[in-house]
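A.B. asks: using only what follows, build the 3D model:
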Amino acid sequence: MDIMTLMENRHSVRQYLDKPIEAEKRAVLDQMADEFNKEANLHIQIVYDEPKCFNSLLAHYGSFSGVTSYICMVGPKGDDLDEKIGYYGEKLVLKAQELRLNTCWVASTHGKSAAVVKSGEKQAIIISLGYGANQGKVHKNKENLAEISENDPEWYKIGVKAALLAPTAINQQKFFIRRNGDDVTITAKHGPCYMIDLGIVKCHFEMASGHKVK
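C.D. replies: From the prediction side, this is the model:
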């Protein structure tokens, strides 16, 4: 399945089936997490068969049910952590979608995770993981999120389309995309988890367009 189809098909899912994730799928995700930890100096941990984290009042308030596996996005504290968390976390999310699994970025509506968070690290966010009871819903995009015209190159148009498919906190989409020749910049306005959102949006643009964002 091509990357745009994965992005189009992937939606946030909060209700999950009582169905364990197969060993071969766990191995794929675990290997990818290990690679990202080395590449980006992160401490991503995937927790399986652990129901306590989402068996809490906060999780029920967030309408989560049946969550027993989740990805803990952990790394050394720093100004660039949230953006890296968004970028590499979304790569895991899209791989999970390719594996026919469902996900949801979860900022606060969960209990205590089983992650090991060392001194100098923080857990920036969690991603629920498993077989969804549904496939989620499409959310309407805001307008005027990018400078774009008919004369723009195809790779840029594809990148913008992919960026608009990126999940953002409470669907706020507080980003803007600009192009100057082959250089692309994406900026974000302040809001809940806005730097994580920025990393997610950059991930979508780069994976779909094949062009790096400055």
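A.B. asks: how near is residue 214 to residue 184?
C.D. replies: 7 Å (Cβ to Cβ, to the nearest Å). The way it works is simple: take the backbone N, C-alpha and C, and place the C-beta from them, glycine included.
A.B. asks: what about those two, which has more around it?
C.D. replies: residue 184 (23 against 11; other Cβ atoms under 10 Å).
A.B. asks: can you check the pLDDT for that one?
C.D. replies: Here the pLDDT value assigned to residue 184 is 97.
A.B. asks: now do the SS call for it.
C.D. replies: Assigned state for residue 184: strand (three-state reduction, DSSP: H, G, I helix; E, B strand; the rest coil).
A.B. asks: that one reaches residue 159, doesn't it?
C.D. replies: Yes. Using Cβ atoms under 8 Å, residue 184 is in contact with residue 159, at 6.9 Å.
A.B. asks: what is in contact with these two at once?
C.D. replies: Common neighbours of residue 184 and residue 159, counting by Cβ atoms under 8 Å, 6 or more residues apart in numbering, are 177, 205, 209, 211.
A.B. asks: let's see which of the residues you listed end up in strands.
C.D. replies: Among the shared contacts of residue 184 and residue 159, the ones falling in strands (DSSP state E) are residue 177.
A.B. asks: for the shared contacts of residue 184 and residue 159, pick the one with the most neighbours.
C.D. replies: residue 205 (28 neighbours).
A.B. asks: isn't it right next to residue 160, touching?
C.D. replies: Yes. Using Cβ under 8 Å, residue 205 is in contact with residue 160, at 7.4 Å.
A.B. asks: list the residues that contact both of those two?
C.D. replies: residue 177.
A.B. asks: residue 157 versus the residue in the chain sticking out farthest from the centre, what's the distance?
C.D. replies: Each residue of the chain has a distance to the centre, and by Cα atoms, centre = their mean the biggest one is for residue 151: 30.7 Å. Using Cβ to Cβ, we find residue 151 at a distance of 10 Å from residue 157.
A.B. asks: by mean pLDDT, which helix or strand of this protein comes out lowest?
C.D. replies: The helix or strand of the chain with the lowest confidence, counting by mean pLDDT, DSSP states H and E, is helix 57-61 at a mean of 66.
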